[in-house]
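1. quick one, what's the 3D model for this:
(one chain, ligands or ions: 1)
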Amino acid sequence: MHIIDDMIGRMTLEEKAGQLSMFPAALAPAPANAANPASVSGSTQEQAERVRQGLVGAVFNASDAGWHRRMQEIAVQESRLGIPLLFAGDVIHGFHTVFPVPLAEAASFDPDLAERTARAAAVEATGAGLAWNFAPMVDIARDARWGRGVEGAGEDVLLGGLLAAARVRGFQGTEGLGHPQAMLATPKHFAAYGAALGGLDYNSVDISERTLREVYFPPFQSAIEAGAASTMAAFNDLNGVPAHADPWLLGDVLRGEWGFDGVVVSDFTGDLELVAHGYAASPREAARLAFLAGVDISMASGLYVDHLPDLVRSGEIAAATLDRSVGRVLRLKERLGLFDDPFGRLRSTVDQRDDKPAHRALAREAARRSVVLLKNDGVLPLSKSGQRIALIGPFGQGPAHLHGPWVLFARPDHAVSIADGMREALGVAADLSVVAGCGTEAPIPDGIEQAVAAAREADVIVLVVGEGEDMSGEAQSRVTIDIPGPQRMLAEAIAAVGKPVVTILKSGRALVLEGAIARSEAILAAWFLGTETGTALADILFGDHGPSGRLPVSFPQSSGQSPYHYDHRSTGRPTETHQPGEQFKARYREALNRAAYPFGHGLTYGDVVYEDLDLGTCTLPWSGSIEVGAVIRNRGEREATELVQLYIRDRAASITRPVRQLKAFRHVTLAPGASERIAFQLRREDLLFLGRDLGWTVEPGLFDLWIAPSSETGLHGTFELLPD
Ligand code: NOJ
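-> You can find the predicted model right below:
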């Protein structure tokens, strides 16, 4: 008999329920405690006692290797069966070294980069004993009001899937889950959490199965195909059924259709919340519904310890069903190497956990490549000498607002502020004045006066405005996605001085830009860039590196357009051919439904043009491919790294199709004056969509195609998919 079956045979019902229960660590850093509602983990002694009794299978969000070691000793040496504990954590974009928030990193459009930062994060985190990561978040996010878009890859399905898989590979590594530096990945939140009505966190989701399958499922499928062995249920109800109690979602689709054989974990008290949803009449019923729907592990609520044994004794849950989940958890522990060596991840040196130079260098590279140049009238890059610079705004100096909302284990004072990064780049000759001007959401006494005085003394102003790092993330939905009023007032006052203004935007979401901020001479979207914020921004500001990031989310003109995404369907009254004053079109009174800065947009310090679109025969045979290409030329005087994007549109199909869909992208770096032909191969498989019967299909006919620098521009042609 296999060791695990043998172990299950010897376990009591209470011990089985214990293996299916995970609790917040009693010894967690303060940010980790603040990341969730208050919980009842008890003191360290009480938690240790429960581990001794075999009533805990996993704990999460501690980072103290010594404490992990002690808890593991209790589990393997003092509990009856000696089953090792699994240590988990939210290592979303770094452990000690903090990489850009995932949304920012998505702007790099570089899965290889995402894989490398995830690997570095896992190397550091496993050094503290963590074996299970509650990341990556792969929820497609199309409503910028929703605060959790910051944790994911943005609005696009193709990019979302590529980054999901890359991050799974990065966290888990390529040497098997048993490797001491492998961290089990958890694509979350299953499913459609990002589609919350009104962009309100935790809110209901009501979308078609078609949209689920075409938009929200694919990144999960990519993550699972990349080897992810756990997933987390979503807080929301989906078309009337809470995801934590949805046997169709967790059973038929996940395990049945996709063959997933890992574990499903609840979100924080998500099983108990079935009561508040009005789906379960009592905590006991909630435990039964969540467990039978397919949630293997209960997080934080204690519901499984409290109720599973009794539910099995009463016959409401079959003993074999309980054993199946216990088997999944124990097999996962086995795959993670915990039975062979429960202390494997706890043998590392402190050095592994440190934000060592190689990781800081990677953080700087990732941060640089996350910055998106939205606009530039030529003021950027700045010269390092011969001009006086005023750095103005509430985010210019100090350790706050560099990491973003989801960093639990790093020290903020390890991060480089924008002021320090600029000073380092400028060297001894630095002529930089630094003034806050206002707080994030409130004025400060004499703030504007001081800022205006500094602006008058300067030749150029770098204005850093946007969201504080607590304005996005969990439970941080916004009714408007604008920049807080006091900062807008500051921007108006600075603009009135009449000096060129370079605006750096901090945010965890797409923003609406208005007034003086929108009119700045240059605008950089800089999100939250992590440990190397200041150095990376200085690299870009002074032109040591050119910007190459592209928007992974559309920046709408107005908050009222939310949810806004580039790949919407066409109405019967589209506005592409809209004439001023024309009525009866799908537009708002105040604005066309277009982006201020569309998905895929981003400038370089070169001057890149697209020429000579070539679609060959303009026909795609049913079983062949078509090569499409264009010449990309840099007419500018500086090197440019351009993201060449390929979009298609199905002109007429049996289901209405998006006005554009990203199908491929490629970076090309061009020296001044250089050009290169970039070609893509398209096959019938690239044109698939869900037909009326919800099966993948493709129909012959005419397709639009763009080779483009963004989702709203580019060279346009058409080709025909020939019938079989
Ligand atoms: C709630 C969040 O929704 C989830 O993403 C996270 O992993 C858990 N809290 C644990 O911190």
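
2. now the closest residue to the ligand within the stretch 351-500 of the chain: closest residue in space that isn't a chain neighbour?
-> Using Cβ to the nearest ligand atom, the closest approach of the stretch 351-500 of the chain to the ligand is made by E474 at 5.6 Å. Bear in mind the C-beta positions are built from the backbone N, C-alpha and C, glycine included. The shortest distance from E474 to any residue other than its chain neighbours is 5.9 Å, reached at R148 (Cβ to Cβ, 6 or more residues apart in numbering).

3. show me what residue of the protein gets nearest to the ligand.
-> F134 (3.5 Å).

4. G691: neighbour count?
-> Other residues near G691 number 15, with proximity taken as other Cβ atoms under 10 Å.

5. over to V312?
-> Residues near V312, counting by other Cβ under 10 Å: 20.

6. helix or strand: which one has it?
-> helix 303-313 (DSSP states H and E).

7. pLDDT on the next helix or strand after that helix, on average?
-> Next helix or strand after helix 303-313 toward the C-terminus (DSSP H and E): helix 319-335. Regarding helix 319-335, the rounded mean pLDDT is 98.

8. show me how far helix 319-335 is from its chain's centre.
-> 30 Å (Cα atoms, centre = their mean, to the nearest Å).

9. and it, what other elements does it pack with?
-> helix 3-10, helix 13-19, strand 263-265, helix 283-293, helix 303-313 (3 or more Cβ pairs under 8 Å, 6 or more residues apart in numbering; DSSP states H and E).

10. interface residues of this protein facing the ligand?
-> Residues of the chain lying close to the ligand by Cβ under 6 Å from any ligand atom are 35-36, 90, 134, 188, 267-268, 474.

11. now render those as a markdown table, adding distance to D64, secondary structure and pLDDT.
-> Below are the residues of the chain next to the ligand laid out as a markdown table (distance: Cβ to Cβ, whole Å; DSSP: H, G, I helix; E, B strand; the rest coil; pLDDT from 0 to 100):
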| residue | distance to D64 | secondary structure | pLDDT |
| --- | --- | --- | --- |
| A35 | 16 | coil | 91 |
| N36 | 18 | coil | 91 |
| D90 | 16 | coil | 98 |
| F134 | 18 | coil | 98 |
| K188 | 25 | strand | 98 |
| D267 | 24 | coil | 98 |
| F268 | 21 | coil | 98 |
| E474 | 24 | coil | 98 |
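
12. okay, those residues in JSON lines with distance to P342 and neighbour count next?
-> Shown next, in JSON lines, are the residues of the chain next to the ligand (distance: Cβ to Cβ, whole Å; neighbours: other Cβ atoms under 10 Å):
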{"residue": "A35", "distance to P342": "26", "neighbour count": "19"}
{"residue": "N36", "distance to P342": "26", "neighbour count": "18"}
{"residue": "D90", "distance to P342": "22", "neighbour count": "23"}
{"residue": "F134", "distance to P342": "21", "neighbour count": "24"}
{"residue": "K188", "distance to P342": "26", "neighbour count": "26"}
{"residue": "D267", "distance to P342": "27", "neighbour count": "24"}
{"residue": "F268", "distance to P342": "26", "neighbour count": "22"}
{"residue": "E474", "distance to P342": "32", "neighbour count": "17"}
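
13. out of the residues you listed, who's nearest D724?
-> Distances from the residues of the chain next to the ligand to D724 were compared by Cβ to Cβ; the smallest belongs to K188, at 40.3 Å.

14. might one say that the closest one is in contact with D139?
-> Yes - under the criterion of Cβ atoms under 8 Å, K188 makes contact with D139 at 7.4 Å.

15. next, show the common contact partners of the two.
-> Counting by Cβ atoms under 8 Å, 6 or more residues apart in numbering, the residues touching both K188 and D139 are A234.

16. specify the beta-bridge partners of L391.
-> V434, V462 (DSSP bridges).

17. roughly how far apart are it and S520?
-> L391 is 14 Å from S520, where distance means Cβ to Cβ, to the nearest Å.

18. and the helix holding V312 with helix 283-293, angle?
-> Relative orientation of helix 303-313 and helix 283-293, computed by axes from the mean of the first three to the mean of the last three Cα atoms, to 10 degrees: 80 degrees.

19. mind checking the pLDDT average for helix 303-313?
-> Helix 303-313 comes out at a mean pLDDT of 98.

20. what residues sit buried inside that helix?
-> 303-309, 311-312 (16 or more other Cβ atoms under 10 Å).

21. what is the most widely separated pair among those residues?
-> Farthest-apart pair in those is L303 and V312; separation 14.1 Å (Cβ to Cβ).

22. and the residue nearest to E474, how many neighbours?
-> Other residues close to R148 by other Cβ under 10 Å number 26.

23. stretch 384-395: end-to-end distance?
-> 21 Å (Cα to Cα, to the nearest Å).

24. starting at the chain centroid, how far to that stretch?
-> With Cα atoms, centre = their mean, you get 31 Å for stretch 384-395.

25. how about stretch 478-492?
-> 24 Å.

26. pull the residues that contact it.
-> Contacts for stretch 478-492 (Cβ under 8 Å, 6+ apart): 144-145, 147, 199, 392-394, 437-443, 447-448, 451, 463, 465-467, 471, 501, 503, 505, 509-517, 520, 556, 559, 562.

27. separate out the buried members of those residues.
-> Buried among the contacts of stretch 478-492 (16+ other Cβ under 10 Å): 144-145, 147, 199, 392-394, 437-438, 440, 447-448, 451, 463, 465-467, 471, 501, 503, 505, 509-513, 516-517, 520, 556, 559, 562.

28. nearest residue to L687 in space, please, no chain neighbours.
-> L687's closest residue in space is V698 (Cβ to Cβ, 6+ apart), at 4.8 Å.

29. actually L238, not the one I wrote
-> V205 is the one closest to L238 (Cβ to Cβ, 6+ apart), at 5.0 Å.

30. tell me how many other residues surround that neighbour.
-> Using other Cβ under 10 Å, V205 is surrounded by 22 other residues.

31. list the contacts of it.
-> 192-193, 195-197, 236-239.

32. could you do R145 as well?
-> By Cβ under 8 Å, 6+ apart, the contact list for R145 reads 198-200, 477-481, 509, 559, 562-563.

33. which strand or helix spans it?
-> Per DSSP H and E, there is no helix or strand for R145.

34. and if you look at the one 10 residues further on?
-> Per DSSP H and E: E155 is located in neither a helix nor a strand.

35. for this structure, which spans come out with low pLDDT?
-> By pLDDT under 70, the weakly predicted segments of the chain are 1, 40, 350, 353-355, 578.

36. on contacts alone, who are the packing partners of whichever helix or strand E720 is part of?
-> For E720, the enclosing helix or strand under DSSP H and E is strand 715-721. Where contact means 3+ Cβ pairs under 8 Å, 6+ apart, strand 715-721 is packed against strand 608-614, strand 619-620, strand 625-634, strand 701-708.

37. now do the contacts for the spatially most central residue of the chain.
-> In the chain, the C-alpha nearest the mean C-alpha coordinate belongs to G152, at 1.6 Å (Cα atoms, centre = their mean). G152 is in contact with 102-103, 106, 136-141, 160, 194, counting by Cβ under 8 Å, 6+ apart.

38. all strands in the stretch 151-300 of the chain, in order from the N-terminus.
-> 188-190, 230-233, 237-238, 241-242, 263-265, 298-299 (DSSP state E, counting those that start in this stretch).

39. between these, which gets nearest to L289?
-> strand 241-242 (8.4 Å).

40. check which helices and strands that closest one sits against.
-> Secondary elements touching strand 241-242 (3+ Cβ pairs under 8 Å, 6+ apart): none.

41. and the contacts of it?
-> Contacts for strand 241-242 (Cβ under 8 Å, 6+ apart): 236, 248-249, 273-274, 277, 279.

42. circling back to that earlier point, nearest to Q47, out of the helices and strands packed on strand 715-721?
-> If we rank these by Cβ to Cβ, the stretch that ends up nearest is strand 701-708, at 54.7 Å.
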